[in-house]
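S.K.: sequence first, predicted model second:
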Amino acid sequence: MNKPSVAVTRIVNSSVLLELDGHAILTDPWFTERWWLRRGEPLGMQPEDLPPLTAIVVTNLATNHWDLRGLRHLPAKDTTPLYVPTPAMARRAKAQGFQRAEHLGWGQTRDIARQISMRVVPSGKTLIWPNNAYAFETPSGRVFFGGEIAEVTPLERYRVDQPPADVTLLPVNGLRPLFGPRLVMGPHQAVAGAIALGARVLVPVHDAHGHDPLSRLFRTTGTAADTSRLAGPDLLVNDLPTGKRWEYSPS
């Protein structure tokens, strides 16, 4: 992981291992199922398979984005920065041994490694709780990660004064409760969001939906395959299976 590069390995749902110029960032960790919450796709990586992490970023407080149980035996968790969207999540993480857990609000920035900066981008709310998206800038490219975002408008606002992304990761299954608004983007919104960000590549996340008691209260409205069909010639949709590592090439 020393060669300058951008690489993506999808783990499950919105959990992804990003490799940015030799630094590993884990997004939205989810490793342990519950009886009421199933994955609906294979788990691409176990916690013990992870490389040393430069940071962990979390977009949302839902269990399938925020699985502290699955990280309880993570090596060096006392020194690994963990960024979350609410103060209560930071307090809970510290109680579980993540001494560098930190609540980051919309618009805040951090230099998470040498020549790697991160900006927190507004991505709406789930009920009253804010969702974070994260924009990373490295010498090898710009990566935008939104694990729980429903609308295109926040991305359009972000792009007014920010450079385009090279690779963007956005949800695609359009999950919504039986009675209520859509919680995450569907295929149309994901394609529009990637275009708004100026991205060359869209990697779909938040695609599968397990069959469990909780799933009876929700429905999905699209898939990564639908997203691929909607994308035009200027946007590559890279529908990664879980566990497969893909390296971005500007060409």
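M.R.: Sure, I can see it.
S.K.: which stretches in the protein count as helices?
M.R.: Assigned by DSSP state H, the chain shows helices spanning 87-95, 153-159, 187-196, 224-230.
S.K.: who touches the first one?
M.R.: Identification of contacts with helix 87-95 by CB atoms under 8 Å, 6 or more residues apart in numbering yields Val58, Leu61, Trp66, Leu68, Leu82, Val84, Ala101, Glu102, His103. For glycine as for every other residue, the C-beta is placed from the backbone atoms N, C-alpha and C.
S.K.: taking the mean pLDDT, what do you get for stretch 231-247?
M.R.: Stretch 231-247 carries an average pLDDT of 97.
S.K.: make 22 the first number, not 1, from now on.
M.R.: Yes, from this point I'll number from 22; that puts the last item at stretch 252-268.
S.K.: buried residues in it?
M.R.: By neighbour count with 16 or more other CB atoms under 10 Å, stretch 252-268 contains the buried residues Ala252, Leu256, Val258, Asn259, Leu261, Thr263, Trp267.
S.K.: now do that stretch: distance from first to last residue.
M.R.: 20 Å (CA to CA, to the nearest Å).
S.K.: same question for stretch 143-162.
M.R.: With CA to CA applied, stretch 143-162 spans 21 Å between its terminal residues.
S.K.: sorry, back to before: of the contacts of helix 108-116, which is the most crowded?
M.R.: Using other CB atoms under 10 Å as the neighbour criterion, Val79 leads the contacts of helix 108-116 with 31 neighbours.
S.K.: name all residues that make contact with it.
M.R.: Thr48, Asp49, Pro50, His86, Trp87, Leu103, Tyr104, Val105, Pro106, Met110, Asn153.
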